[in-house]
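Participant: dropping a prediction and its sequence here:
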Amino acid sequence: MPTRRPHVTASAAQTELAAALAELRISLELPDEFPADAVAEAVWVATHLELPRHDLTAVEFVTIDPANATDLDQAMHIEALPGPAGGFRVRYAIADVPALVSPGGAVDREARLRGQTIYAADGRIPLHPPAIGDGAGSLLPGAPRSAYVWDFTLDADAEVQRATVRRARIRSRARLSYAEVQRAIDAGTATGTLALLQPVGLARIELERRRGGASLNSPDEEIVLGPDGYTLRRREPLPVEDWNAQLSLMTGMAAASIMIDGGVGILRTMPAPSEEEFASFRRQTVALGLPWPDSQRYGDYLRALDRQNPAALAVLQAATSLFRGAGYVAFDTSAGLPAPRDTVQSAIAAPYAHATAPLRRLVDRWSLVICAALCAGDTVPEWARHSLTELPSIMAASARRAADLDATSINRVEAALLSDDVGRRFEATVLSLRGDSARVQLAEPAVTAECHASRHPSPGSRVSVLLLAADIASGSVRFEAVE
């Protein structure tokens, strides 16, 4: 029987995998190096940027990101409000990409072709040249930076009472990782902003629950390159990541509200699941042995699932049917382009806009410029109004490209992980059924695959599967359920 390998080692399989991943850049027509004129323009604007007069460098902002991130979009500062009513003041600084990208210029043209930063297994494909994305635009600590600073007043329950945004000069004090912040909070040594992030984040999660919002909060499936080669890792997000994400969601909801009230902007939308989709999902939860009670909202049900229960994997897989159809809708009532009748993003259960990641997502640049102009009572820049309707198709195309890359990359790594194990049996959990085909999740390694299953096992059940083939170049694997 073949010996299991936890990684794809430096071998013929590793060489073939590296070539297969590199080929994806060609077959998916992913962007390559930045054009020379875009690089030159980025370097020039990075060295000639005039910082805003409004000075917030005395505010002790910090950033919290993955450990190796250099394109830092957000910095935060949280303080408790004095007085018996309590509450919080949250200042959330967002990278001032609009000041670094000239509308219609070389960087702008290239960014519109890319749409977003794409994360490939063999390297990141950034939205902007390094002089902007990893340099003058990134909220790195120590040096003054230009930023769009959102200023929130929250009550004791973390409900927003007031929200504004304007450009300002800031200086981040520290670049922190999620892991080190979580350790400080768990140890009780966190102070200032870090000590307040947990209560604010938890309060915002409770508000989301009351709104009827939902989040799958599934473990991340990541391709990791280590000394022994590529492997897959399922990583459970740290609690601090959820708390941090709540600040971004709060900002996106505020941006949507400002743009809706101002009659111009672009929303991130997701239609609510239909009654038929809810009914189908409810039947699936019964079949999986984790029935969804009639009295419980689906967001509460999903949050309460025990991620250690194998059947919960199948439930979360089935729940993806409730989170489909996300897109963007642009509107400008002064130009006869009305806002959509239903402005609610169903997973968040509130109107929502992307406004917190302009270094990595094209559309956020428009949201920031429009919201700042509306808050100041200024005219929205003509370039932003004129190009609004182009954004939904640009972002949809880039999202498809990123999703295709993610799926095909994972498929090829999975095939490589299994390439020496053809003829071996694995234990797996059935996620879903379609005819004689079952979608299964292997216990080890973390591989999800289609499997021929003529005996129709029940979703959520455990089965033994035999690996019949694993082709690295195409990313295809073939299993058959066995007794």
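Facilitator: The structure has been received and is ready for your questions. Nothing here was measured: the structure is a model prediction, and the numbers come from that model. Numbering: from 1, shown residues only.
Participant: point out where the stretch 201-350 of the chain drops to low pLDDT.
Facilitator: 215-221, 234, 310 (pLDDT under 70).
Participant: now the helices: where do they sit in it?
Facilitator: For the stretch 201-350 of the chain, the helices defined by DSSP state H, counting those that start in this stretch occupy 239-262, 275-287, 298-304, 310-319.
Participant: so can I have CSV of the ones you listed showing mean neighbour count and distance to Pro141?
Facilitator: C-beta: built from backbone N, CA, C; applies to glycine. Shown next, in CSV, are these (neighbours: other C-beta atoms under 10 Å; distance: least, C-beta to C-beta, whole Å):
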stretch, mean neighbour count, distance to Pro141
helix 239-262, 21, 17
helix 275-287, 14, 45
helix 298-304, 17, 34
helix 310-319, 21, 37
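Participant: turn these into a markdown table, including distance to Ala158.
Facilitator: What follows is the helices of the stretch 201-350 of the chain, written out as a markdown table (distance: least, C-beta to C-beta, whole Å):
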| stretch | distance to Ala158 |
| --- | --- |
| helix 239-262 | 8 |
| helix 275-287 | 29 |
| helix 298-304 | 17 |
| helix 310-319 | 26 |
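Participant: ok, which of those helices comes nearest Asp378?
Facilitator: helix 239-262 (10.8 Å; C-beta to C-beta).
Participant: let me see the contact set for Ile258.
Facilitator: 163, 165, 265, 371, 374-375 (C-beta atoms under 8 Å, 6 or more residues apart in numbering).
Participant: from those, which land in strands?
Facilitator: Members of the contacts of Ile258 lying in strands (criterion: DSSP state E): 163, 165, 265.
Participant: circling back: of all the helices of the stretch 201-350 of the chain, which one comes closest to Tyr328?
Facilitator: helix 239-262 (11.6 Å).
Participant: please save the CA atoms from the closest one in CSV.
Facilitator: Provided in CSV are the C-alpha atoms of helix 239-262 (Å, rounded to 0.1, in the frame of the first residue of the first chain):
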residue,chain,number,x,y,z
PRO,A,239,-12.0,35.5,17.5
VAL,A,240,-10.1,38.8,17.0
GLU,A,241,-10.5,38.4,13.2
ASP,A,242,-14.3,38.4,13.7
TRP,A,243,-14.1,41.4,16.0
ASN,A,244,-11.9,43.3,13.6
ALA,A,245,-14.2,42.4,10.7
GLN,A,246,-17.1,44.0,12.5
LEU,A,247,-15.4,47.4,12.3
SER,A,248,-15.2,46.9,8.5
LEU,A,249,-18.8,45.8,8.3
MET,A,250,-19.9,48.8,10.4
THR,A,251,-18.0,51.1,8.0
GLY,A,252,-19.5,49.5,5.0
MET,A,253,-23.0,50.0,6.4
ALA,A,254,-22.3,53.6,7.2
ALA,A,255,-21.0,54.2,3.7
ALA,A,256,-24.1,52.6,2.2
SER,A,257,-26.3,54.8,4.3
ILE,A,258,-24.5,58.0,3.4
MET,A,259,-24.6,57.2,-0.3
ILE,A,260,-28.3,56.2,-0.3
ASP,A,261,-29.2,59.4,1.5
GLY,A,262,-27.0,61.4,-1.0
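Participant: how about the contacts of Ile258, which pair is most distant?
Facilitator: Ala163 and Gly265 (14.5 Å).
Participant: which one's more surrounded, the two?
Facilitator: Comparing Ala163 with Gly265 by other C-beta atoms under 10 Å, the one with more neighbours is Gly265, at 29 against 21.
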